[in-house]
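*Asks:* Need coordinates for the following:
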Amino acid sequence: MSDPDGAADPPTPTPPSPSPVPPPPPVEWPEDGVLTRDWVAAFTATLDWCSRRLPPDQLPSILSADFVRRLLLAAAGILHREPNIVRVDPRPDQAVVVVGDVHGQLHDVMFLLRDAGFPSEERIFVFNGDYVDRGAWGLETLLLLLAWKILLPNRVFLLRGNHESKYCTSVYGFEREVMVKYKSQGGQVYRKFLRCFEDLPLASIIAGCVYTAHGGIFRGAVVLPSKRAKRAKKGHKYIASSAEDSTTLKLGSLDELLKARRTVLDPPWEGSNLIPGDVLWSDPSLEKGLSLNKERGIGLLWGPDITQQFLYTNNLKLIIRSHEGPDARDKRHDLLGMDSGYTTDHQVACGKLITLFSAPDYPQFQASDDRYNNSGAYLVLSPPDFATPDFHSFQAVKPRPPANPYYDFEEVIDSDEELNLGAMDTGNLSS
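*Replies:* Sure, this is the predicted structure:
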């Protein structure tokens, strides 16, 4: 364009290149061990920066192995003191946010926390497990949620999912993620995570009327035959579950769940301590009754009549479970799909059974070009009854930072089926 006198406009100066964003300083654990909201906010920003600008194997330059160890030990000390069923008793001026699987999708978790409103004196969070595996930032995701737990131990509750286990993390990527990011120190860091997994509670009861657990309900405690009644050969373990059929299964009680031993690397699928495996791995069905979950090889299937029995017996109105994303529901034609991040699977006289899944556009790495493009969701329970969920669906944060998978997603099946039960380690780190 020319001016009225015909003189040419001066050339437009080239804008200076934006200066690179400087890296944040290494994160330091507070000398007094006391976290603040400002510390957690800065930690969140650092995790976001690292995920976008730092090669994974350089993460220790910002989050040292010693820092990770300190955070895990602080969190495990709190979690270890909590019972198998945590009681969440909100005041009349508080709301409770319930979150399902997040699977290492860090940026979606950061969005969820902002969208729902961060944990506070007025807002309690209950996370239903599966923080790691499949997504590229399982380590960062779990560290962030554990930091919130340390900051607000009575406002943030973290339950165990089936992926918080040695077996699943060895198959679906988290173990390799830790080893890639921490190299020679990876084994030590990974063992600290495993110990923290063992301390995660199994379930919660909210406002006395809502039961939440990752998989769902559970059978009654298995009583092994006495030595006098049945002698096993020396060196052979009596296997309860293999001989058990649907006619002998009975619904478990909350008291039995409170007494179960949760400090196991992998929830047992045989023997007498079967309740943790049921709570973490079971699925609902439209068929009546309790039956063994043969598709997964661990846990149970339960029908609407069992949901009604569980709600009635325990004076509850709602069961909130997670565990099934769009990939799992794609294989189950008896139940609704997971397009919106939640489904109502049973509606009975005493209340409802809801499945809640909080990882949108899941899984992050998918062999097929035809993605599920599902929404994630969280729900809010508000006074006065805390039993009427308000669902909030949301889309994935895009574009995701470039990342490589930590498992062979083209070979490993998407949903947790065909488990290699023999590879499970049902001991604990001290055994």
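
*Asks:* What's the local residue count around I320?
*Replies:* Each residue near I320 was counted by other Cβ atoms under 10 Å, and the total is 24. C-beta here means a position set from N, CA and C on the backbone, and glycine is covered the same way.

*Asks:* To clarify, my last question referred to L356.
*Replies:* L356 has 25 nearby residues by other Cβ under 10 Å.

*Asks:* what comes into contact with the helix or strand containing it?
*Replies:* Under the criterion DSSP states H and E, the helix or strand holding L356 is strand 351-356. If you take Cβ atoms under 8 Å, 6 or more residues apart in numbering as the criterion, strand 351-356 is touched by 98-100, 128, 216, 284, 304, 307, 311, 316-324, 338, 341-347, 377-379, 387, 389.

*Asks:* Next step: those restricted to helices.
*Replies:* 304, 307, 311 (DSSP state H).

*Asks:* How about the last one: what's its closest non-neighbour residue?
*Replies:* For L311, the nearest residue in space outside its immediate sequence neighbours is C350; the separation is 3.8 Å by Cβ to Cβ, 6 or more residues apart in numbering.

*Asks:* same check, this time on the second one
*Replies:* Using Cβ to Cβ, 6+ apart and skipping the chain neighbours, the partner closest in space to T307 is H346 (4.3 Å).

*Asks:* The one you found bridge partners, please.
*Replies:* L353 (DSSP bridges).

*Asks:* quick one: contacts for it?
*Replies:* The contact partners of H346, taken as Cβ under 8 Å, 6+ apart, are 284, 303-304, 307-308, 319, 352-353.

*Asks:* related to what we said a few turns ago, buried only: go through the contacts of strand 351-356 for me.
*Replies:* Buried by 16 or more other Cβ atoms under 10 Å: 98-100, 128, 216, 284, 304, 307, 311, 316-324, 338, 341-343, 345-346, 377-379, 387, 389, out of the contacts of strand 351-356.

*Asks:* how about the nearest residue to F310, chain neighbours excluded?
*Replies:* Per Cβ to Cβ, 6+ apart, closest to F310 is I217, 5.4 Å.

*Asks:* how many other residues sit next to that neighbour?
*Replies:* For I217, the count of nearby residues is 25 (other Cβ under 10 Å).

*Asks:* where do the helices sit along this structure?
*Replies:* 37-53, 65-80, 106-116, 138-151, 166-171, 174-182, 186-199, 240-243, 254-259, 275-281, 304-313, 326-330.

*Asks:* Okay, now the unreliable bits of the stretch 1-150 of the chain?
*Replies:* 1-19 (pLDDT under 70).

*Asks:* any weak-confidence spans in the stretch 301-431 of the chain?
*Replies:* Across the stretch 301-431 of the chain, the ranges flagged by pLDDT under 70 are 413-422, 426, 430-431.

*Asks:* the strands in it, which residues?
*Replies:* Using DSSP state E, counting those that start in this stretch, the strands assigned to the stretch 301-431 of the chain run over residues 318-321, 342-348, 351-356, 376-381, 390-394.

*Asks:* what's the angle from the third one to strand 390-394?
*Replies:* Between the axis of strand 351-356 and that of strand 390-394 there is an angle of 20 degrees, by axes from the mean of the first three to the mean of the last three Cα atoms, to 10 degrees.

*Asks:* And for the longest one?
*Replies:* For strand 342-348 against strand 390-394, the angle between stretch directions is 150 degrees (the same axes, to 10 degrees).

*Asks:* from the helices of the chain, which stretch is densest packed?
*Replies:* Mean neighbour count (mean count of other Cβ atoms under 10 Å) peaks for helix 275-281 among the helices of the chain, with a mean of 28.

*Asks:* hmm, back to that, out of the strands of the stretch 301-431 of the chain, the one nearest A207 is which?
*Replies:* Closest of the strands of the stretch 301-431 of the chain to A207 is strand 376-381, at 7.1 Å (criterion: Cβ to Cβ).

*Asks:* Excluding chain neighbours, what is closest to G135?
*Replies:* Nearest residue to G135, sequence neighbours excluded (Cβ to Cβ, 6+ apart): G104, at 2.6 Å.

*Asks:* Pretty sure the one you found sits against F174.
*Replies:* Yes. Between G104 and F174 there is a contact at 7.4 Å, judged by Cβ atoms under 8 Å.

*Asks:* Now do the shared contacts for these two.
*Replies:* 132-133, 138-139.

*Asks:* ok, D385 to M179 distance?
*Replies:* 47 Å (Cβ to Cβ, to the nearest Å).

*Asks:* quick revisit: export the strands of the stretch 301-431 of the chain to JSON lines and append columns for distance to N293.
*Replies:* JSON lines is the format used below for the strands of the stretch 301-431 of the chain (distance: least, Cβ to Cβ, whole Å):
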{"stretch": "strand 318-321", "distance to N293": "13"}
{"stretch": "strand 342-348", "distance to N293": "15"}
{"stretch": "strand 351-356", "distance to N293": "15"}
{"stretch": "strand 376-381", "distance to N293": "24"}
{"stretch": "strand 390-394", "distance to N293": "27"}
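
*Asks:* Which stretch among those strands approaches G289 most closely?
*Replies:* strand 342-348 (13.1 Å).

*Asks:* Determine the angle, from 0 to 180 degrees, between the closest one and strand 376-381.
*Replies:* 50 degrees.

*Asks:* just to revisit the earlier point, with distance to V210 added, can I get the helices of the chain in CSV?
*Replies:* Converted to CSV, these look like this (distance: least, Cβ to Cβ, whole Å):
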stretch, distance to V210
helix 37-53, 27
helix 65-80, 21
helix 106-116, 17
helix 138-151, 20
helix 166-171, 26
helix 174-182, 29
helix 186-199, 23
helix 240-243, 29
helix 254-259, 13
helix 275-281, 16
helix 304-313, 10
helix 326-330, 22
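
*Asks:* Fine, thanks again, bye for now.
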